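> Make a model of this:
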Amino acid sequence: RLQGDWSSDVCSSDLDGLKALTHNGDGVARVSVRLSEIIENTVRLCEPLLKKSDVRLKLDVPQDLHVTTHPGQVEQVLMNLLSNALHATRHLDDRWISIHCESIGAEMVRLHVTDAGRLTDSKVIARMLDPFFTTKEVGEGTGLGLSVSRALMDSLGGALTFDGDKKNTTFCIDIPTETA
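Sure thing, here's the model as predicted:
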């Protein structure tokens, strides 16, 4: 299992996500890859921001779990969620992000990306996956990150959802497994 506390920082790249989405994977085959490798690559890219933000990253992902996907696109989605979590927790005393994994039947894996924040505003929850919707200040966000991420996951045969039943803010990324 990939476990431990990590610290890093994240930059979102909505333009890369839009480019990937417009190409819709043309010419790029989905590959079997260890899910922990996707997470490790993303954490490595985000590590400077996590350290700067003094955010603990808790990981619990099996090392031997494989998914069939476009790794770079899943990394883009995960980076966006980490970036949003860093922004949402920046004023909290106890700043943490947790990533853990569970199997959803034989054909899907669900990554739970949870942060120390608590998203309870029903108006925000209802619109947060809409294009150009943002709660960030002008110049801090485009309002495209979550909508592009959802579209990327849909194009990969997975999903991006918000889990409003959790105590803390939790997004779920569903990714097809090798058997899908």
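> drop to CA atoms for contacts and neighbour counts, all remaining ones
Will do.
> Poorly predicted segments of the chain, please.
Counting by pLDDT under 70, the chain has low-confidence residues at 1-28, 131-143, 179-180.
> Give me the most central residue, it.
Compute the mean C-alpha point of the chain, and by CA atoms, centre = their mean the closest residue is residue 78, 2.6 Å away.
> So that residue lies in a helix, does it not?
Yes. With DSSP: H, G, I helix; E, B strand; the rest coil as the criterion, residue 78 is part of a helix.
> The chain: helices as residue ranges?
Listed in chain order, the helices of the chain (DSSP state H) span 14-23, 35-53, 71-89, 122-127, 145-155.
> So for residue 165, which of those sits nearest?
helix 122-127 (12.0 Å; CA to CA).
> Can you spell out which helices and strands pack onto that closest one?
The elements that helix 122-127 packs onto, with contact taken as 3 or more CA pairs under 8 Å, 6 or more residues apart in numbering; DSSP states H and E, do not include any helix or strand.
> going forward can the numbers begin at 846, since that is how I track them
Sure, I'll start numbering at 846, so the last one becomes helix 967-972.
> Need the CA coordinates for that helix. PDB is fine.
C-alpha atoms of helix 967-972 as PDB (Å, rounded to 0.1, in the frame of the first residue of the first chain):
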ATOM      1  CA  SER A 967     -26.200  23.900  -1.100                       C
ATOM      2  CA  LYS A 968     -26.000  26.600  -3.800                       C
ATOM      3  CA  VAL A 969     -22.300  26.000  -4.300                       C
ATOM      4  CA  ILE A 970     -22.700  22.200  -4.300                       C
ATOM      5  CA  ALA A 971     -25.500  22.400  -6.900                       C
ATOM      6  CA  ARG A 972     -23.300  24.400  -9.300                       C
END
